[in-house]
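**Q** Here is my input, please return the structure:
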Amino acid sequence: MKYFGTDGFRGRANESLTAVHAFRVGRFLGHFFARGRRARIVVGKDTRRSSYAFEYALAAGAAASGADVFLLHVTTTPSVSYVVRTEGMDCGVMISASHNRFDDNGIKLFGGDGEKMSDETLLLLEEYLDGGTLPLASGADIGRTVDHVAGRNRYLAYLLSVPRTSFRGLRVGLDCANGSAWALAKAVFDALGAQVRCIGVSPDGTNINADCGSTRPDRLRELVRLHALDVGFAFDGDADRCICVDERGEVVDGDGILYVCAADMAERGELGSGGVVTTIVSNGGLARALERRGIVCARTQVGDRFVAEEMARRGALLGGEPSGHIIFRKYATTGDGVLTALKVAETVLGRKCPLSVLMRGLHLLPQKRADVPVRDGAAVLAREGVQAAIARAERTGVRMVVRASGTEPVVRILAEGDEAEGAVRLVEQALRTGAEEL
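**A** Reported below is the predicted structural model:
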């Protein structure tokens with residue numbers, strides 16, 4: 001697609017993604033979902049400065065097409081999905097660039113089922129963005145905006161209903177990335193009785209994900225060690241990801257979370273026959289560890305939408321990515337960082353042992369990653385020299401995954417095996433050469 005990648009329409013705010021784009025997205029959604037009646041659209045945003053302009057532009061466009069727009073204001077991506085699904089809305093929009101810098105932004109779209117919007121609808125939207133025209137509503141048919149904080153509060157109440165036990169006595173650290181979860185996450189853990197210490201809870205519009213959050217967990221590691229906390233959780237800018245830190249200050253990524261939760265769910269008889277769905281960048285050690293426990297592990301493309309689709313196909317109740325996008329299908333249709341934190345905390349309490357002990361059965365294989373900035377990832381990957389370098393690396397026994405990012409202008413390299421570091425250097429140089437030759 002031209003505009004929409006694996007996680008929405010993302011780009012530098014008011015450069016590659018502008019308020020005009022947001023207005024036209026709103027125009028399309030308001031018209032497309034009307035279907036003989038007034039469309040109802042839910043809109044949420046994260047804390048980055050440009051989110052306000054995009055929120056109001058999109059709402060104006062939707063109302064101009066005759067839709068009513070329900071504003072959740074600063075909220076998490078999974079809360080938008082939840083409100084769409086449980087309140088019978090036509091679609092949902094989240095204004096966020098997830099884990100990116102503050103000067104990026106994005107538009108994520110959900111269908112009425114709370115799932116990522118279908119490719120068929122997105123293709124129609126892209127045609128309109130490239131110069132299509134739509135009629136404007138007039139008179140009493142013009143839409144309006146509605147303050148819908150009540151929807152966000154219902155989502156918070158839903159999160160509180162998920163754990164089967166009090167968190168009283170549990171010492172928890174939270175890194176909210178100065179983003180969407182900055183107030184919500186602490187409110188949930190406080191209400192459940194945990195003793196909570198927080199960082200990343202002072203958003204100013206420009207500090208979202210800045211040296212904090214799920215992609216930068218070092219400050220959370222220090223917090224856990226300094227205050228002898230039982231566990232720590234780091235979210236990204238829109239809180240659809242969660243990365244954990246155990247009681248020793250060691251990072252537990254999405255693969256570790258999947259292992260711990262899958263093992264617990266299997267022992268409780270709650271995992272079902274669909275096994276666990278991971279992606280091609282998940283560590284091979286996860287699949288081996290799950291298989292030793294008799295748990296089937298399936299892999300799919302990178303992207304939580306692909307994980308969700310495969311989970312639905314297999315009837316799986318648990319799936320996710322190393323980045324911390326974890327889907328508990330019994331509770332949500334998309335990755336939910338705060339929900340994931342609640343499930344891990346519940347498992348630690350239920351098993352009456354530290355997170356590090358729950359991780360003992362998982363032995364990860366050596367991995368090395370690198371990102372190479374490129375303007376056209378697909379074109380660079382097609383270069384003969386790049387493909388030759390990948391083949392040469394694989395001949396050393398290393399598993400290679402080299403792909404163009406769906407959210408940033410980079411090619412991502414992952415190498416898994418004993419010779420991973422050398423393999424990454426080889427492919428990285430070939431990519432840089434290929435980019436220069438274009």
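
**Q** can you tell me which residues contact the nearest residue to Pro322 once chain neighbours are set aside?
**A** Leaving out its chain neighbours, the residue that sits closest to Pro322 by Cβ to Cβ, 6 or more residues apart in numbering is Gly254, at 4.4 Å. To be clear about C-beta, it is placed using only N, CA and C from the backbone, and glycine gets the same treatment. For Gly254, the contact set (Cβ atoms under 8 Å, 6 or more residues apart in numbering) comprises Arg241, Ile243, Ser282, Gly320, Glu321, Pro322, Ser323, Gly324, His325, Ile326.

**Q** let's see 10 Å
**A** Gly254 sits next to 214, 241-244, 278-279, 281-283, 286, 320-326, 335, 340 when contact means Cβ atoms under 10 Å, 6 or more residues apart in numbering.

**Q** Could you do Pro163 as well?
**A** Val188, Leu192, Gly193, Leu342, Lys343, Ala345, Glu346, Leu349, Gly350.

**Q** Please check those residues and keep the buried ones.
**A** Neighbour counting by 16 or more other Cβ atoms under 10 Å classes Val188, Leu192, Leu342, Lys343, Ala345, Glu346, Leu349 among the contacts of Pro163 as buried.

**Q** got the contact list for the third one?
**A** I take that to be Leu342. Taking Cβ under 10 Å, 6+ apart as the contact definition, Leu342 lies against 159-160, 162-163, 167, 185, 188-189, 192, 233, 242, 328, 331, 336.

**Q** Give me the buried subset of the residues you listed.
**A** 159, 162-163, 167, 185, 188-189, 192, 233, 242, 328, 331, 336.

**Q** which stretches of the stretch 101-250 of the chain form strands?
**A** 104-110, 145-147, 171-175, 195-199, 231-235, 242-245 (DSSP state E, counting those that start in this stretch).

**Q** Restricted to helices, list the contacts of Gly254.
**A** Leu286, Thr340 (DSSP state H).

**Q** Next, the contact list for the residue nearest to Asp90 when sequence neighbours are not counted, please.
**A** The shortest distance from Asp90 to any non-neighbouring residue, by Cβ to Cβ, 6+ apart, is to Phe33 (3.9 Å). The contact partners of Phe33, by Cβ under 10 Å, 6+ apart, come to 39-41, 62, 65-67, 89-91, 111-112, 121.

**Q** Can you pull up the most central residue in this structure?
**A** By Cα atoms, centre = their mean, the mean C-alpha position of the chain lies nearest to Asp240, the distance being 4.1 Å.

**Q** Assess the claim that Arg299 and Ser282 are in contact.
**A** Yes - if you go by Cβ atoms under 10 Å, Arg299 and Ser282 touch, sitting 6.7 Å apart.

**Q** of these two, who's got more company?
**A** Ser282 (26 against 17; other Cβ atoms under 10 Å).

**Q** I'd guessed Val25 sits against Gly106; true?
**A** No - under the criterion of Cβ under 10 Å, Val25 is not in contact with Gly106, lying 11.1 Å apart.

**Q** which residues do these two both contact?
**A** Phe9, Leu17, Phe54.

**Q** Please report how far the last one lies from Ala137.
**A** What that stands for is Phe54. 21 Å (Cβ to Cβ, to the nearest Å).

**Q** Neighbour count for those two, which is higher?
**A** More neighbours surround Phe54 than the other of Phe54 and Ala137, with 28 against 19 (other Cβ under 10 Å).

**Q** Find the nearest non-adjacent residue to that one, please.
**A** Excluding the flanking residues, the one nearest Phe54 by Cβ to Cβ, 6+ apart is Ala22, at 4.3 Å.
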